[in-house]
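[1] sharing a model that was predicted from the sequence below.
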Amino acid sequence: MRNVAQGPIAWRSELWGSPLRALATVLLLALLVWGGFHAIEWGVVHAVFRPDAEACRAVQHGACWGVVAEKWRPMLFGRFPYEEQWRPAIAVVVLSAVTVLSAWPRSWRWWLVPLWVGALLLFVLLMRGGVAGLSPVPTSRWGGLPLTIGLAVVGLALAFPLALLLALGRRSGWPVVRTLSASYIELVRGVPLISVLFMASFLLPLLWPAGWQPDVLVRVLAGLTLFVAAYLAEIIRGGLQAVPREQTEVAMALGFGRWPVQRDIVLPQALRLVVPALTNSVVGTLKDTSLVTVVGLFELTGALGLALGGDPTWRPFYLEGYLFIAAVYWVLCFGLSRYSVWLEKRLSAAP
Amino acid sequence: MSREASRRGAWLAWAVQALLVLAVVAAAVWVVHHALEVLRARGVRSGFDFLTEPAGFSISEGWLDFDASQPFWRAFLAGLINTVRAAVPAAIFSVVLGTLIGIGRLAPHVLLRGICTAYVELLRNVPLLVQLLMLAFAMANLLPDPTEPVHLMLGVWLSKGGLSVPWPVAGEGGWWPTHFEWPERGDFGVSGGAALSPEYVTIVAGLSFYSAAFVAEIVRAGILSVSQGQVLAGQALGLSSGQQLRIVILPQALRVIVPSLTNQLLSLTKNSSLAVAVGYPELVSVANTTIGSNGRAFECIAIIMAIYLLLSLLISFGMNRYNARVALRGWR
């Protein structure tokens, strides 16, 4: 099995090597042609690309991509004020640019940290406004793609230090610390994200002093962070376990203290080992942000409901809208997972 | 380090840990106390006593009949049964479909490999919620009315009203199923057999298709972990490729597959909570309705978490038993 899957494709023998294969080839080709024909007929030939609701309703067996042409702005930016939507657009570009830059292992230097802090500040500044002549926009009106990416990035960034502490705690020599970390990790990993989000959105307001209600965005972000941290912690623990124990012992024998050993010897190697697994976790978190729509935030998935749900003219064309946002998610997640594969190869090739 | 110093270190460690325990306990007590006080100030009672009061809402489907006059605990039980009713079939379908696709990704046929790879890459990279909402929309709007159902295959009908499948029923007076009842098409839709609601079909199909993509990857990795020499040995013994797969490769691959599969089943069970978004009344949906009606957020979320932890433990326990059977002797 293995040789076949990894070798070059032997077209002729794979397709027509035996009567059974030939039959499979014919059947699969028929399926592909039939499916492809219908997909192209529906999606391209009979489809309406203009934002013209009349024409959309007139076609019987064709897609209405006009709904995307008409509604792409509310789909991508939610309820952000229409004239100000250049701000979330720039915010998304800034975050994406910094992400792409940090994807390049050669740029893993100290200046990445201040760069990220700056980018996140710029993101919040652009979205919130209120300074530098930008009109203030309350968080309740944030939405769409900036919110999806922002939640994933900020959630991961906040969860990472917590996860690091939990992972070190779970391997600590102190039984109390070990038990506390392990219980937290197992408890959070045992429940669905949606219940954590409900908890954050129902319970956090009870803890705040009366009169000052925490923003729904803050509550959701808190829930997401606490949830993601448990998963990241397990990944980091895997990396910590993979660093040979002898290294710690040798370093201790050389007179390194407990913390310097972790900081200068174990952690850098451990983190390097788990970068691909962390990337997979980033994909998971990006997909998980879609759940916040259940507790009333209009990120990409929620923004679609917002854009189409209240508009009887375009409501029948939900399917095309879903396909559009599915394509956006797909491009982001597939790109990240390809990157993860590439990075794994590159890191394992490096000495 | 001298003995004195190490003793001092141990003392310090215990002191810090004791302080840590105190801090955690104090924080927990403060959080609960403060939250209860806020609740009291808002006029919301707290405690689990509400479980015996009548619920005031009904649950439209499931194996446990539930109407508005019955107590809350029965609503949670009905929700839990509905969760299991969705998760178990979804787990079975996803494992079967995922295994087939995983094997297909390694098949010596480029078209089959391509189709299976496309399936995995497409479904894995789109959020489950988006897929569920898309399916729900398709079920509600693109299918024909119940009066004109589509005949999918022998005895299986699909329409806006849901899916009808043959179902074993008991004969007169007995409880043991004796024969299959086949759905029949009448003037007002399909009757007989088991009628599955559109919400149920959506959540089971969505969960199965999504999880199958992950199961396929697990199966593929498991098969690839079996060494090449085993395949050659199988060939040398004159086994056909099907026999090689069944007798030589899969039993060994299971050792790699089962632990990851356990993780996947756990996440499938937790993902079934997304049914709340498509209107299937499972546990989280029941809890959400309860919070809406009496504001006992604390208690309801505690119940959800406890039940999911219990379910997770049960699955882990069962799968670990199975793992012990497939693992090499002496390995756990």
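    Sure thing, it's come through. These figures come from a predicted structure and were not determined experimentally.
[2] for chain A, see how far away B:Gln244 is.
    8 Å (C-beta to the nearest C-beta, to the nearest Å). For every residue, glycine as well, the C-beta is placed using N, CA and C.
[3] in the chain, which helix is the longest?
    Just going to use chain A. helix A:318-349 (DSSP state H).
[4] my question was about chain B, not that one.
    Ordering each helix of chain B by length in residues (DSSP H) puts helix B:3-41 first.
[5] need the helices for chain B, in chain order.
    In chain B, the segments counted as helices under DSSP H are B:3-41, B:72-104, B:110-124, B:128-137, B:198-225, B:228-236, B:241-243, B:250-271, B:283-294, B:297-326.
[6] next one: the longest helix of chain B to chain centre, how far?
    Distance, stretch centre to chain centre, for helix B:3-41: 37 Å (C-alpha atoms, centre = their mean, to the nearest Å).
[7] pull out the buried residues from that helix.
    Judged by neighbour count (16 or more other C-beta atoms under 10 Å in any protein chain shown), helix B:3-41 contains these buried residues: B:Ala13, B:Gln17, B:Ala35, B:Val38, B:Leu39.
[8] near chain A, list only the ones from those.
    The subset of the buried residues of helix B:3-41 lying close to chain A, counting by C-beta under 8 Å from any C-beta of the partner chain, consists of B:Ala13, B:Gln17, B:Ala35, B:Val38, B:Leu39.
[9] report the angle between the longest helix of chain B and helix B:297-326.
    Going by axes from the mean of the first three to the mean of the last three C-alpha atoms, to 10 degrees, helix B:3-41 is angled at 130 degrees with respect to helix B:297-326.
[10] poorly predicted segments of chain A, please.
    A:1-7, A:209-212, A:350-351 (pLDDT under 70).
[11] what residues does the stretch 51-200 of chain B put near chain A?
    Going by C-beta under 8 Å from any C-beta, the residues of the stretch 51-200 of chain B near chain A are B:105-113, B:115, B:121-122, B:124-131, B:133-134, B:137-138, B:141-142.
[12] need the buried ones from those selected in PyMOL.
    Filtering these down to the buried ones (16+ other C-beta under 10 Å) takes a single PyMOL command:
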select buried, chain B and resi 105+106+107+108+109+110+111+112+113+115+124+125+126+127+128+129+130+131+133+134+137
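[13] excluding its backbone neighbours, what's nearest the most centrally placed residue in chain B?
    Nearest to the mean C-alpha position of chain B, counting by C-alpha atoms, centre = their mean, stands B:Thr269 at 2.4 Å. Spatial nearest neighbour of B:Thr269, excluding adjacent residues (C-beta to C-beta, 6 or more residues apart in numbering or on different chains): B:Ala87 at 4.9 Å.
[14] the one you found and chain A: what is the separation?
    According to C-beta to the nearest C-beta, B:Ala87 and chain A sit 11 Å apart.
[15] B:Ser285: neighbour count?
    By the measure other C-beta atoms under 10 Å in any protein chain shown, the count of residues near B:Ser285 is 21.
[16] need the contact list for it.
    Taking C-beta atoms under 8 Å, 6 or more residues apart in numbering or on different chains, we find B:Ser285 in contact with B:Gly79, B:Ala275, B:Val276, B:Gly279.
[17] let me know the closest of those to chain A.
    Chain A has its nearest neighbour among those in B:Val276, at 6.5 Å by C-beta to the nearest C-beta.
[18] against B:Gly238, how distant is that closest one?
    Distance of B:Val276 to B:Gly238, given as C-beta to C-beta, to the nearest Å: 55 Å.
[19] so the two - more neighbours on which side?
    Between B:Val276 and B:Gly238, counting by other C-beta under 10 Å, B:Val276 is the more crowded of the two (24 against 7).
[20] circling back: what subset of the contacts of B:Ser285 is buried?
    B:Gly79, B:Ala275, B:Val276.
[21] what is the nearest of these to B:Ala91?
    B:Ala275 (14.4 Å; C-beta to C-beta).
[22] that closest one contacts B:Thr269, correct?
    No - applying C-beta atoms under 8 Å, one finds B:Ala275 not in contact with B:Thr269, separated by 11.5 Å.
[23] so what sits against both of the two?
    Shared contacts of B:Ala275 and B:Thr269, defined by C-beta under 8 Å, 6+ apart, are found at B:Thr83.
[24] okay, now residue 298: neighbour count?
    I went with chain A, as the question did not name one. When counting by other C-beta under 10 Å, one arrives at 24 neighbours for A:Phe298.
[25] I was after chain B.
    B:Phe298, neighbours per other C-beta under 10 Å, totals 21.
[26] what does B:Gly295 give?
    Taking other C-beta under 10 Å as the neighbour definition, B:Gly295 ends up with a count of 18.
[27] for it, which residues are in contact?
    Neighbours of B:Gly295 in contact, by C-beta under 8 Å, 6+ apart: B:Leu39, B:Arg42, B:Val44.
[28] which ones are touching the residue lying closest to A:Thr279 once chain neighbours are set aside?
    Excluding the flanking residues, the one nearest A:Thr279 by C-beta to C-beta, 6+ apart is A:Ser340, at 3.8 Å. Going by C-beta under 8 Å, 6+ apart, A:Ser340 touches A:Pro276, A:Thr279, A:Asn280, A:Val283.
[29] and what of A:Leu207?
    B:Val31, B:His34, B:Ala35, B:Val38.
[30] same question for B:Gly162.
    So B:Gly162 contacts B:Ala195, B:Leu196, B:Ser197, B:Pro198, B:Tyr200, B:Val201 (C-beta under 8 Å, 6+ apart).
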